[in-house]
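Student: sequence and predicted model, in that order:
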Amino acid sequence: MPDTPTNEPHRIRDIRITPVAFRDPPLLNTVGVHEPFALRAIVEVTTDSGVYGLGESYGDAAHLDRLRAAAARLTGVDVWHVQEIARRIRDALAADAGSGGHGMSGMVTGTRTADRVLSPFEVACLDIQGKVLGRPVSDLLGGAVRDRVAYSAYLFYKWAGHPDAEPDSWGAALDPDQLVAQARRMIDDYGFTAIKLKGGVFPPDEEIAAVRALRAAFPDHPLRIDPNGAWSVETSIRVGRELAGVIEYLEDPTTEIDGMARVAREVPMPLATNMCVVAFDQVKPAVEQDAVQVILSDHHFWGGLGRSRSLAAICDTFGLGLSMHSNSHLGISLAAMTHLAAATPNLTYACDTHWPWKDPEDDVVVPGTLVFEKGSLAVPTGPGLGVELDRDALARMHERYLACGLRERDDTGYYRRVHPGFDPTPPRW
Ligand SMILES: O=C([O-])C(=O)C[C@H](O)[C@@H](O)C(=O)[O-]
Ligand SMILES: [Mg+2]
């Protein structure tokens, strides 16, 4: 507990932003393949009362520049004044055209720059607020309505290993049998009770066969497929009809609200998105056209945990389902996702996580708090996010960032080294 009384301001004294890199397997998606390292930015906010709070965000160079520009404006602000933090960030970015640094390798570009930048600072301030009050972040968000948060087994087609490297322990997943084996290992190791397949990699009939193989192998696991907008409207309708009764939702089969609306009218299952509705001003046109029935929230681009709760309220109001999106991430993000999901009653789908794809020893938080059992995580009960920064690991992973040479996520450029001339422009089928 800090010396400063809880009812006094706890003002930001210092912000440290550290880019880190961690090993990532060659996971395939519709724009290419993951490079050997994933990049993240670790944000550490310290107050004049000596309390520190943590946030985590994308590690692309353009985003890092924006985080630093924002951080320079935040000294002296009370950590309870997130609106003032948001205002200063908007000011800091006023002249920024917003290009680059989306952290999504071009798959999602419509997110709002100011919201992406605000997110890790807001999470760090909530971490501090929780530490000052001695309460978990879920309590600051209205209180946990569940004590465990379910995540899904996030399957990827993948190469056996990175080019010129030994195969990794997961091996190749390029056909239905290999995907089923991948699912079996992930479910054996983590206990997941729902499955998501990253599609948009092979022609749709091959991916339909993979979904059917997964359904046969795991008859009780809700299934989803997400081709990240790789299909035309016509292909999406065909695939949607073929997978009637097999999947719980179809995620971003095609791009844009108009395209999704045309698909939604013709397929039996809900359509979900983390591509065509990624900011508040996109909700109204999507609702008017009934283009999507499930929105995947993601506090990294919706502006933090508070604004993600606003999104949840909007979904509730308009009868939309709510799920949760992920990118390659570390433990600070996982803790924040878990508090948010715990405190969001209508988040009823198992959340996405890339967690199983990173090496267990690669993290910046002290191990022990985030341990999967039966596919779910216990909501941390310690003050704030409930995770502690491992400073040795942070230093090690920063060294790796410096050494790895990557400065932005470029799945397409990496894939083209093996397949020159690859064109990811949708629709691919
Ligand atoms: O649900 C999604 O769209 C994602 O998870 C996007 C990610 O960037 C995913 O495609 C990946 O990691 O390759
Ligand atoms: Mg998606």
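Tutor: Nice, thanks for sending it over. Ligands and ions are numbered 1, 2, ... in the order given.

Student: wait, what's in contact with the closest residue to residue 127 other than its chain neighbours?
Tutor: Counting by Cβ to Cβ, 6 or more residues apart in numbering, residue 127 lies nearest to residue 53, which is 3.4 Å off, once chain neighbours are set aside. Just so you know, the C-beta spots here come from the backbone N, C-alpha and C atoms, and that holds for glycine as well. If you count contacts by Cβ atoms under 8 Å, 6 or more residues apart in numbering, residue 53 has them with 44-45, 47, 79, 123-129, 131, 384-385.

Student: for the chain, which residue is closest to the average position?
Tutor: residue 326 (2.0 Å; Cα atoms, centre = their mean).

Student: against residue 103, how distant is that one?
Tutor: To residue 103, residue 326 is 11 Å away according to Cβ to Cβ, to the nearest Å.

Student: repeat that for residue 260.
Tutor: According to Cβ to Cβ, residue 260 and residue 103 sit 22 Å apart.

Student: the more surrounded of these two?
Tutor: Neighbour tally, residue 260 and residue 103, criterion other Cβ atoms under 10 Å: the higher count belongs to residue 260, 29 against 25.

Student: up against ligand 1, what does the stretch 301-429 of the chain have?
Tutor: Those residues of the stretch 301-429 of the chain that sit near ligand 1, judged by Cβ under 6 Å from any ligand atom, are 325-328, 352.

Student: at 5 Å what do you get?
Tutor: residue 325 (Cβ under 5 Å from any ligand atom).

Student: can you pull out the strands in the stretch 301-429 of the chain?
Tutor: With DSSP state E, counting those that start in this stretch, the ranges of strands along the stretch 301-429 of the chain come out as 321-324, 376-378.

Student: which one of these has the most crowded surroundings?
Tutor: strand 321-324 (a mean of 24; mean count of other Cβ atoms under 10 Å).

Student: hmm, who's touching that strand?
Tutor: Against strand 321-324 from outside (Cβ under 8 Å, 6+ apart): 249, 270, 272, 293-298, 311-312, 315-316, 337, 340-341, 344, 346-352.

Student: what is the neighbour count of the residue in the stretch 101-250 of the chain positioned nearest to ligand 2?
Tutor: Nearest to ligand 2 in the stretch 101-250 of the chain, going by Cβ to the ion, is residue 226, at a distance of 4.2 Å. Neighbours of residue 226 under the rule other Cβ under 10 Å: 26.

Student: that one: what's its closest spatial neighbour, skipping adjacent residues?
Tutor: Residue 226's closest residue in space is residue 251 (Cβ to Cβ, 6+ apart), at 3.6 Å.

Student: if I look at that neighbour, how far off is residue 110?
Tutor: Residue 251 is 16 Å from residue 110, by Cβ to Cβ.

Student: neighbour count: those two, which is higher?
Tutor: More neighbours surround residue 251 than the other of residue 251 and residue 110, with 27 against 14 (other Cβ under 10 Å).

Student: list the contacts of residue 314.
Tutor: 280, 283, 320.

Student: out of those residues, which is nearest to residue 73?
Tutor: Residue 73 lies nearest to residue 280 out of the contacts of residue 314, by Cβ to Cβ, at 23.0 Å.

Student: by proximity to ligand 1, which residue of the chain wins?
Tutor: For the chain and ligand 1, the shortest gap (Cβ to the nearest ligand atom) falls at residue 29, measuring 3.8 Å.

Student: neighbours around that residue, how many?
Tutor: Residues lying near residue 29 (other Cβ under 10 Å) number 24.

Student: repeat that for residue 317.
Tutor: So residue 317, with other Cβ under 10 Å, has 10 neighbours.

Student: so who does it touch?
Tutor: Per Cβ under 8 Å, 6+ apart, neighbours of residue 317: none.

Student: residue numbering should commence at 53 henceforth.
Tutor: Sure, I'll start numbering at 53, so the last one becomes residue 369.

Student: so residue 64 sits in a strand?
Tutor: Yes. With DSSP: H, G, I helix; E, B strand; the rest coil as the criterion, residue 64 is located in a strand.

Student: do I have it right that it meets residue 124?
Tutor: No. Using Cβ atoms under 8 Å, residue 64 is not in contact with residue 124, being 11.2 Å away.

Student: those two: which has the busier surroundings?
Tutor: A count of neighbours by other Cβ under 10 Å puts residue 64 above the other of residue 64 and residue 124, at 24 against 11.

Student: so what pLDDT did that one get?
Tutor: On pLDDT, residue 64 comes in at 98.

Student: tell me how this protein divides into domains.
Tutor: 64-186+445-454, 191-441 (automatic domain parsing).

Student: can you check which of those gets nearest to residue 469?
Tutor: domain 191-441 (6.9 Å).

Student: would you map the helices across the stretch 53-202 of the chain?
Tutor: Assigned by DSSP state H, counting those that start in this stretch, the stretch 53-202 of the chain shows helices spanning 113-123, 134-144, 165-185, 189-192.

Student: alright, calling it a day.
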